[in-house]
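[1] following is a predicted model, sequence given first.
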Amino acid sequence: MKPAPFDYNKPASLSLAVSQLSETSGSGKIIAGGQSLGPMLNLRLARPNSVFDIRQLEELRGIQSDADSVSYGAAICHVDFEDGLVEDATQGMMRHVAGGIAHRAVRNRGTIGGSLAHADPAADWVNTTVALNATFTVLGATGRRTIAAPDFFLGAFTTSLNDDEVLEKITIPRLSDEAAWGYYKICRKKGEFAEAIGILVVDPIRGYARAVMGAVDAPPIVLDDLARSIAEAGTARDINLDQVVQQALPDANPISLRHHCVALQRAIQQVYPS
Amino acid sequence: MLDQGIGARVLRKEDDRHLHGRGQFVGDLAMKGLKEVAFLRSNLAHGRIRTISKPAGKEALIVTAADLKTIKPIFADSSIPGFKASNYPALATDKVRFVGECLAACIADTRAAAEDLAEEIEVDIEELPAVIDSLKARAPDAPLVHDDWSDNLFLTTSVQGDIETLAKTAPVKVTRELRTGRQCMHPMEGKGVLAYWDFQAGQLVVYTSTQVPHMIRTGLSETLGLEQRQIRVIPPDVGGGFGYKCVLQPEEIVIAWLAMTTKRPHRWVEDRREHLTAGANSREHHYQITAYADNRGRLLGLDAEITVSVGAYSVWPFTACLEAAQAGGNLPGPYDFQVYRCKTFSVATNKPPFTPYRGVARPGVCFAIELMMDAIAREVGRDPMDVRAENLVKSEQMPYNNVTGKHYDSGDYPASLKQVSELIDAQAIRTRQKTPEADGRLIGVGFSTFTEQSAHGTKVFASWGIPVVPGYEQATVRLTPDGGLEIRAGIHTIGQGLETTLSQVAVQELGIDYDQVRVTLGDTASTPYSTGAYASRGMVMAGGAVSRASQELARRIRRIAAHLLQCKDEDIRFEDREIRARGASLSFADIGRAWYLRPEQLPEDVNTMGMEVTEGYKPQVDTGVFTYASHAAVVAVDPETGIVEILDYAAVDDCGRMVNPMIVEGQVLGGTVQGVGTALFEESPYDQAGQPLASTLQDYTLPGASDLPWIKLGHIETLSPYSAHGIKGVGEGGAIAPPGAIVNAINDALKGHNVEITQIPATPERILSAILAAESQQKGAAS
């Protein structure tokens, strides 16, 4: 369980990383915390010719904030959110989510950008950023562009990042003081990847409401209509969640359906306890 | 009690080096010119090998079965009539029989380069239908794992009791089908072996991470064709074994062969993926079982059929029938009943071979009998604890010969059950159950009691027909010229603290200072032959041997001391780390100096054998000394997700005299956590093609600290009448009881839902499936 040979590079800046990456014509890989890529290299499931380590780049560890949003550098570690070392734009949601990622050892090194670029459907950040309607800024050989979170994830482990692009920062719209969120994940055991993730975010000031079903072997399922009707009614009492989940996941087995339904229901309950 | 002798909580001698990261494991060894080896392994479960082609120009760096011509396959026969032995080649020859079977050894300067080499080998294997399900494997038309066999059965055994007569009269009959998952035991350090040729000694030196160094020497000798004097096996620090490291492994043979033939050092260190897919398999049982009882739930008889999916080969020396033999013999557990019928099937399947895992078969049989006990209680409408208590063998019946002829030597089984129920306050749980929980979860309480034969001796092993049978255990003790004590024993420490506890036994006999005692274990060049560390035998057997040897050394010291102090031998007392008589005293250094350096001071009639003693020990009976314990679990089951939380857990054990209570607690805790894994988490599933579905720790779920409550411990100390100091074995017990206690607690929680879990691990998926099935059944009945 040792990786196949690869060149290890430590570019001095993000733009260097991008230009070096683009020269590999698809055979290069970015590494930051290495919590996903590391095991895949060791199992020889990932076999890049070159690896570019961007973990130490200060430009990827900063924060920019304004009245409407906060932008997080892609190499900020999960622990930085968990320990409150970076500003939380989401009324505690990101801090809560970060604290539930895997185990502390993983959170120590794992980065938000790495997790998003890896795009495991069961990953917390993948679902959370979609629920928060984040925007991703990516830098490529031909320049910079932004991608809305729901458009970033194309499938399990598949994103709209081009081969020469690196995720630079994640911009999260601020939740107001009156916002509320619910986040519930079902894991076989603490620290494991989720079987189901349910999320509800409601911000009456911004007129924002979104529900997400995650860990579905595909990009997060966005249920805006559901979220709006719950937000308007102030309860999910009159909604047949079983039906909603079944429609969203027509091919799922009964166990999976039950798990997704319960996760969603409990996330909603956190916002509307009645 | 001495402050450092038997019964003292002295700190472990091993911990200083381990806590400082200075242990010396196979992976830590450095040697000039050391080559690293990676194995190319079969990616098919069953197939006929057509060709294995080495890359051009690199032939010398790769070894296949064709190169190993002089090596004999691993061959572990049993003298039990009807047993079919297998030829287990170190590198596959004609067929592959499980995913992960070694095909070739690749040699390079680094492990990564060796793995690169493995990728260049071209393998052509004709795939054959895989034999995966042990029940289907028993069918007459099943494909054969071993072509020259008539079926897939290593062995069937049968105990005949008169069930027919009982069935006509017994008021209560309860039948269940139960399953336990295939597991992979997880020492922190996997297997590892380094071998080189020592020209000075004319020996092949093998450093191997093993529990049984002397047996490995015997096994290597038989397969390599070297004489045993030409082999030295040294076990370095071993990071856990749990049974995985008590068999001769193919990789051990190949590495030894490479060193023997090339005269250069070679090493292989197992990685976790190899461990999970090709290495340590155990525990997969199927039970068809019927219990007969009276209207109070008093067990009258048991009728069982046990099928064990042993895997492809018979392992040396414990064979492919140890598991089923133990299962059939131990199913009756701690209960007093008279009619027993049991058939066992040891089935060959296209999976890695079974190695004996902590508790061997007993976690399975304990799960089975304990679930039956609760099922009987529900059937007769009584509290499972009361039914269990009534069925247990009572202290006044001791010693007790059970229905399979096991000789339970001592103890109070019902007292352990009572104590454990008090530790978790079972009464309070029953009260709590009357009110629904605020979070909607369901609370349940479950119990499990077992008895464990430990340090079973010569006749027991001989009756299993295995190739190597333990006899007397020996130890050597030696006083050094400056008054220190050296202990040497052939058993090995694999984390269980024998350096500490054997020292404590010597301190008990000699009154010598604990810090002056040094222990050397397992090196075949310097220690007496021992079959090794397994079967909870270390403390009873090696402890007994150290006790005997120390007693003899004490007699010799007494003679010299009496001469020097001008008194009678019987006046000599060992006190406060000195040798005293009538107000005068000598140090151990005085005695050492007299014997080694100033022999003119010795008495005329001194024992010329000197200050070094080797003694042997066997308990008074060969039938083993029986440890027992009761465990209790309180769980909360989320009926919407199937997730189980263990709210409270307690274990009360009786291992006779505790040599070091802290180590006993560690053994019980560690074993219990492994049992929690068996109950809730751990499983190595295979698909129908025989592909392992858990090849990393992401798929194979181990219990973690966050999954556990603080485990409460209690002890009863009933000395065995048959062993030195009344010690019984404790190494395995903790792992046996948890599946029974936890699943009984889950079933107690779910009893209102008409759901009964009968398969472990009791994963959220299995629990939720059972709940959904019961719901749809109810709906069906209602409509």
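    Noted; the coordinates are in hand.
[2] what does the model give the residue of the stretch 651-783 of chain B found nearest chain A for pLDDT?
    Residue of the stretch 651-783 of chain B nearest chain A, by CB to the nearest CB: B:Ser706 (4.3 Å). Using the backbone N, CA and C atoms, a C-beta is placed for each residue, glycine as well. Model confidence at B:Ser706, given as pLDDT, is 89.
[3] my guess is it contacts A:Gly191. True?
    Yes: with contacts counted by CB atoms under 8 Å, B:Ser706 reaches A:Gly191, the gap being 6.9 Å.
[4] compare the two (neighbour count), which wins?
    Neighbours around B:Ser706 and A:Gly191, counted as other CB atoms under 10 Å in any protein chain shown, are more numerous at A:Gly191. The numbers are 18 against 9.
[5] which residues of chain B lie near chain A?
    B:110-112, B:115-116, B:119, B:271-274, B:640-643, B:681, B:696, B:698, B:701, B:703-704, B:706-707, B:763-765, B:768-769, B:772 (CB under 8 Å from any CB of the partner chain).
[6] quick check: closest non-adjacent residue to the residue of the stretch 101-250 of chain B found nearest chain A.
    When distances are taken as CB to the nearest CB, the stretch 101-250 of chain B approaches chain A most closely through B:Ala112, which lies 3.6 Å from it. With CB to CB, 6 or more residues apart in numbering or on different chains as the criterion, B:Ala112 has its nearest non-adjacent residue at 3.6 Å, and that residue is A:Lys2.
[7] what's the local residue count around that neighbour?
    Close neighbours of A:Lys2, defined as other CB under 10 Å, add up to 18.
[8] same question for B:Gln427.
    As a burial measure, the neighbour count of B:Gln427 was computed by other CB under 10 Å and equals 11.
[9] which residues in the stretch 401-550 of chain B form helices?
    Assignment of helices within the stretch 401-550 of chain B using DSSP state H, counting those that start in this stretch yields the ranges B:413-423, B:426-432, B:458-463, B:498-510, B:543-565.
[10] ugh, wrong one, I meant the stretch 101-250 of chain A
    For the stretch 101-250 of chain A, applying DSSP H, counting those that start in this stretch gives helices covering A:104-109, A:112-118, A:124-131, A:149-152, A:224-233, A:241-248.
[11] returning to what we had before: distance of the residue nearest to the residue of the stretch 651-783 of chain B closest to chain A when sequence neighbours are not counted relative to A:Asn108?
    Spatial nearest neighbour of B:Ser706, chain neighbours left out: A:Lys190 (4.3 Å); criterion: CB to CB, 6+ apart. When distances are taken as CB to CB, to the nearest Å, A:Lys190 and A:Asn108 turn out to be 17 Å apart.
[12] which bits of chain A sit near chain B?
    So far as CB under 8 Å from any CB goes, chain A lies against chain B at A:1-5, A:39, A:43-44, A:103, A:186, A:188-193, A:195, A:254-255, A:258-259, A:262.
[13] go again with 7 Å.
    Applying CB under 7 Å from any CB of the partner chain, we find that chain A lies next to chain B at A:1-5, A:186, A:188-192, A:254-255, A:258-259, A:262.
[14] surely A:Tyr272 touches A:Glu232?
    No: because the distance of 11.4 Å does not satisfy CB atoms under 7 Å, A:Tyr272 is recorded as not touching A:Glu232.
[15] which of the two has more neighbours?
    A side-by-side neighbour count of A:Tyr272 and A:Glu232, using other CB under 10 Å, places A:Tyr272 first with 17 against 9.
[16] need the contact list for that one.
    Contact partners of A:Tyr272, counting by CB atoms under 7 Å, 6 or more residues apart in numbering or on different chains, are A:Ile230, A:Gly234, A:Thr235, A:Ala236.
[17] where along the stretch 251-400 of chain B do the helices fall?
    Remark: helices of the stretch 251-400 of chain B, listed N- to C-terminal, are B:272-274, B:322-330, B:362-380, B:384-391; assignment by DSSP H, counting those that start in this stretch.
[18] could those go into CSV alongside distance to B:Gln397?
    As requested, those are exported to CSV (distance: least, CB to CB, whole Å):
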stretch, distance to B:Gln397
helix B:272-274, 47
helix B:322-330, 18
helix B:362-380, 18
helix B:384-391, 12
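[19] indicate which one of these is closest to B:Phe354.
    Relative to B:Phe354, the nearest member of these by CB to CB is helix B:322-330, separated by 5.6 Å.
[20] what's around the residue nearest to B:Leu693 when sequence neighbours are not counted, how many residues?
    Beyond its immediate neighbours in the sequence, the residue positioned closest to B:Leu693 (CB to CB, 6+ apart) is B:Pro685, lying 4.5 Å away. For B:Pro685, the tally of surrounding residues (other CB under 10 Å) stands at 12.
[21] confirm for me that B:Pro685 is in contact with B:Ala694.
    Yes: using CB under 7 Å, B:Pro685 is in contact with B:Ala694, at 6.3 Å.
[22] what's the closest non-adjacent residue to B:Gly656?
    In space, B:Gly656 comes closest to B:Lys728 once its chain neighbours are excluded; the distance is 3.8 Å by CB to CB, 6+ apart.
[23] so who does the one you found touch?
    Neighbouring residues of B:Lys728 by CB under 7 Å, 6+ apart: B:Ser454, B:Val540, B:Val625, B:Phe626, B:Thr627, B:Cys655, B:Gly656, B:Ser720.
[24] now the helix or strand that contains B:Ile216: mean pLDDT?
    B:Ile216 is part of helix B:213-224 when elements are defined by DSSP states H and E. Mean pLDDT, helix B:213-224: 98.
[25] quick one: contacts of that helix?
    Contact partners of helix B:213-224, identified using CB under 7 Å, 6+ apart, comprise B:71-72, B:74, B:206, B:208, B:210, B:227-228, B:231, B:233, B:235, B:248, B:252-253, B:256-257, B:260, B:316-317, B:468, B:490, B:492, B:522, B:524, B:529-532.
[26] now do the closest residue to chain A within the stretch 151-300 of chain B against B:Val238, distance only.
    Using CB to the nearest CB, B:Asp271 is the residue of the stretch 151-300 of chain B that sits closest to chain A, at 4.1 Å. Here the criterion is CB to CB. By it, B:Asp271 lies 17 Å from B:Val238.
[27] of those two, who's got more company?
    B:Val238 (27 against 18).
[28] so who does that one touch?
    Listed by CB under 7 Å, 6+ apart, the contact set of B:Val238 reads B:Glu189, B:Ser209, B:Thr210, B:Lys245, B:His492, B:Ile494.
[29] out of the residues you listed, grab the one that's most surrounded.
    Each of those was scored for neighbours by other CB under 10 Å, and B:Thr210 scores highest at 33 neighbours.
[30] so that residue sits against B:Lys245, correct?
    Yes: with contact defined as CB under 7 Å, B:Thr210 counts as touching B:Lys245 (4.9 Å).
[31] can you show me the CA trace of the lowest-mean-pLDDT helix or strand in chain B as CSV?
    When the helices and strands of chain B are scored by mean pLDDT, DSSP states H and E, helix B:458-463 comes last with a mean of 87. C-alpha atoms of helix B:458-463 as CSV (Å, rounded to 0.1, in the frame of the first residue of the first chain):
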residue,chain,number,x,y,z
THR,B,458,-2.2,-31.9,27.0
LYS,B,459,-5.2,-34.2,26.9
VAL,B,460,-7.6,-31.5,25.6
PHE,B,461,-5.4,-30.5,22.8
ALA,B,462,-4.5,-34.2,22.0
SER,B,463,-8.3,-34.9,21.7
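[32] what does it contact?
    With CB under 7 Å, 6+ apart as the test, helix B:458-463 has contacts from B:Val469, B:Pro470, B:Gly471, B:Asp622, B:Thr623, B:Gly624.
[33] show me which of those are buried.
    B:Val469, B:Pro470, B:Asp622, B:Thr623, B:Gly624 (16 or more other CB atoms under 10 Å in any protein chain shown).
[34] got phi/psi on the residue nearest to B:Ser706?
    Here the main-chain torsion angles of A:Lys190 (degrees, to the nearest 10) amount to phi -50, psi 130.
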